[in-house]
Structure formats: structure tokens, C-alpha cells
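In: whatever this is, show me its structure:
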Amino acid sequence: MKKAPLTAGDVNAILKGKIPKGMSADTPLTDDEAAAILKVAKADNIVKVGQQAAKVAKARQLSPAFDAECAAAEAEAERVDVSGWTVRQHVMHGLGFAFGWLRTRWAPLVAFATLMWIFVKLLPLMWMMVKALAFLVPIWLILSLAGPEPHPYQAYRYRQYRRRTYGEWW
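Out: The predicted model follows:
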């Protein structure tokens, strides 16, 4: 059974989400029918955009405040759209910005680079000190808790020193 070609009304019904008479939801479309539907959809879209542009142009003529607002929005829209950039474009843009920003601020950059170089050179020494502390602190704690008792004479000497220096203090 050969079906009749789509009419303009059928195409408009399909675009509105309705199923035309004589078709079901399972009826496959031929390539020509699908192309016709896309053509009409694009034409409708172009007409809608044109109507919207005409409304905006008329509003801009009638209202200077709206015209200024539109001009500001257009200036904002003229900025570079970076959503489609490649990684290389993002990197080059960032490098260009950094170069422009650092053109007059090179002295702090040199100071920062020098400090980073010194830090990198001292990092092994600092790491060695951290390891030494990690080894020596537990030994110190163990010896302070369970180490040898001080010699009795040391306590006596300490008391004599305090008496001589500060008088009677207890």
C-alpha cells in the first residue's frame, strides 16, 4: 500500500507534536518527508527570529533607555566566546594575559622565583631535619620517662644555687 505524500498541514501538525490523520506514531518517515519537515522547521525558526528582531528594532526606536541597554548587551556579546576553544587556545590566551599583567610587575616575579629556588634547594635539608626529629623525639620521651635518675648531689647543688641567688625561696 502506497501512502500519500505529506502535505504542509501534516508537516505543521508533526512540528506541533500532533500525529496527522492517516498516520500512526509507528509510521516511519521517508528521507524526503523528513527533509521536508526539517525545511519547514528551519523556515519557521527563521521567521520567528525575524519577527523578534523586528520587535526589538521597533522598541529600540521608541525607547532610548532600551536602546542603551541593548547596546550594552551587544557589547557584552561581542566579547570572545571561549566555549569552543581548544586547550592550546586557552593556554595561549592565559600566557598572553600573564605576560601583559607581568610586563610592569617583573620585580616581584623575580623575587618570587628566587625564593622558590632557595626553597627547593633547602627542601632536602628541611626533610632531613624532620626525619631527625621523628627519630630523636621518641628517644627523648622514652629517656625522660624511663631514663636514669639524676644524681642526688645534683638536686643539692641546685638548691644551693637558688639559695645563693634568690635567698630563701621555699
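
In: how does the protein divide into domains?
Out: 8-81, 108-166 (automatic domain parsing).

In: among those, which is nearest G94?
Out: Evaluated over the domains of the chain, closeness to G94 peaks at domain 8-81, with 13.1 Å, by CB to CB. From N, CA and C alone the C-beta is placed, and that goes for glycine too.

In: still on that earlier bit, closest to W101 out of the domains of the chain?
Out: Short answer: domain 108-166, nearest of those by CB to CB, at 9.9 Å.

In: and K121, which of the three is it?
Out: Here K121 takes the helix state, with states given by DSSP: H, G, I helix; E, B strand; the rest coil.

In: residues contacting I118?
Out: Residues near I118 by CB atoms under 8 Å, 6 or more residues apart in numbering: none.

In: element containing it?
Out: According to DSSP states H and E, I118 maps onto helix 106-146.

In: which of the domains of the chain has the lowest mean pLDDT?
Out: With a mean of 76, domain 8-81 has the lowest mean pLDDT of the domains of the chain.

In: could you pull up phi and psi at T104?
Out: phi -100, psi 0 (degrees, to the nearest 10).

In: in terms of pLDDT, where does it sit?
Out: If you check T104, the pLDDT there is 82.

In: how many neighbours does M23 have?
Out: 14 (other CB atoms under 10 Å).

In: now it: how far from L102?
Out: M23 sits 66 Å away from L102, going by CB to CB, to the nearest Å.
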